[in-house]
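Visitor: Just the structure for this:
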Amino acid sequence: MSVPINTKIPSEIRRLLARSFFYKAVGVLLRRPEPDAKDLFLGEEEVSWEETIETIALPDKERLKEAFEFLKKELRAMTRRGWIRQYEDSFGHTAHGPVPIYELEYGEEHSHRQPQQLGDIAAFYRAFGLKPNERVHERVDHIVVECEFMHFLLFKQAYALKHGWEEKAEICREASLRFLSEHLGRWGPAFTLKLAKHAGGELLKRIAQFAFTFIVQECRQLGISPGPNDLPIRAAIEKEESGCMTCSLNPEAQG
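Guide: Residues are numbered from 1 along each chain as shown. Modelled structure (predicted):
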């Protein structure tokens, strides 16, 4: 998928599509590698990437370009099997792996608040008619699910503006700002920095640096304070006392 960078499309819509594309890309990079995962970043897509970076409004585009070039270099040299190995070394097979990939693993250790926080995230998805993919069984606070939601909101906002639906576009804009401020932008910096430090290989390190650069600059461009770089990780023993986390979010997850 490439961003339709068409000069006939109003600049505001083109910027929204570019931002939407970036969130989609971060989500692709941070999920378990699929056979076509590289296709979004290499080959024919490279021109679209350059145009997309130029289109998006960020404080320091050169830093993002540099992070992307390092990322492409590692992607070219990496096999899917090697990428999967790095992924598993970094994230493990449980919620509390070497680098937790779920929002609720970061921050205060209050287990009684977890269902409420998960419910808040799920309420965002539900408000826009998003339902769980029963084949995936993923928690709503997974980094990929949150990135895909931001991708969806920005694309929906661009679509609404294109059709002159100003009120619908404003609803999407407000939701994306709030979700970034309260969720992805709050824990994303700590997560990506932890991944860069403990990555199971050079590719995952470059993915983390690319994601960190985009999320932090996106927050600053929108007047949102990025979350702290050193959010603590909840203790594993506290997680065990909280019971089955997945059970509390079955109705609201997005695949």
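Visitor: Low-confidence regions, the stretch 101-250 of the chain specifically.
Guide: The model of the stretch 101-250 of the chain has pLDDT under 70 over residues 108-113, 132, 136, 236-250.
Visitor: Do a quick rundown of the strands in it.
Guide: Remark: no strands are assigned in the stretch 101-250 of the chain by DSSP state E, counting those that start in this stretch.
Visitor: how close does the nearest residue to Lys65 once chain neighbours are set aside get to Arg234?
Guide: The spatially closest residue to Lys65, leaving aside those adjacent along the chain, is Ile53, at 5.8 Å (C-beta to C-beta, 6 or more residues apart in numbering). Any C-beta I mention is one placed from the backbone N, CA and C, and that applies to glycine too. Distance, Ile53 to Arg234, using C-beta to C-beta, to the nearest Å: 35 Å.
Visitor: if you count what's nearby, which of those two comes out ahead?
Guide: Ranked by neighbour count (other C-beta atoms under 10 Å), Ile53 and Arg234 place Arg234 first, with 22 against 17.
Visitor: Could you double-check that that one lies in contact with Gly107?
Guide: Yes: at 7.3 Å, Arg234 and Gly107 qualify as touching, with contact defined as C-beta atoms under 8 Å.
Visitor: Contact partners for the closest residue to Glu105 other than its chain neighbours?
Guide: The spatially closest residue to Glu105, leaving aside those adjacent along the chain, is Arg234, at 5.5 Å (C-beta to C-beta, 6+ apart). By C-beta atoms under 8 Å, 6 or more residues apart in numbering, Arg234 lies in contact with 96, 104-107, 109.
Visitor: can you map out the helices along this structure?
Guide: Here the chain has its helices, by DSSP state H, at 11-30, 45-55, 61-77, 80-91, 114-127, 143-162, 166-179, 185-198, 202-221, 236-241.
Visitor: If you count neighbours, what's buried in the first one?
Guide: Taking 16 or more other C-beta atoms under 10 Å as the basis for neighbour counts, the residues of helix 11-30 that come out buried are 13-30.
Visitor: the inter-axis angle of that helix versus helix 80-91?
Guide: Between helix 11-30 and helix 80-91, the angle comes out at 90 degrees (axes from the mean of the first three to the mean of the last three C-alpha atoms, to 10 degrees).
Visitor: will you turn the helices of the chain into a markdown table that also has distance to Lys38?
Guide: Formatted as a markdown table, these follow (distance: least, C-beta to C-beta, whole Å):
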| stretch | distance to Lys38 |
| --- | --- |
| helix 11-30 | 9 |
| helix 45-55 | 9 |
| helix 61-77 | 6 |
| helix 80-91 | 8 |
| helix 114-127 | 28 |
| helix 143-162 | 17 |
| helix 166-179 | 28 |
| helix 185-198 | 19 |
| helix 202-221 | 11 |
| helix 236-241 | 34 |
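Visitor: pretty sure Lys194 contacts Val99?
Guide: Yes: look at Lys194 against Val99 with C-beta under 8 Å: they come within range, at 5.4 Å.
Visitor: how far away is Glu51 from Ile207?
Guide: 22 Å.
Visitor: the more surrounded of the two?
Guide: Ile207 (28 against 15).
Visitor: Could you list the residues in contact with stretch 153-162?
Guide: Counting by C-beta under 8 Å, 6+ apart, 9-10, 12-13, 16-17, 19-20, 23, 128, 166, 168-169, 172-173, 175-176, 179 sit against stretch 153-162.
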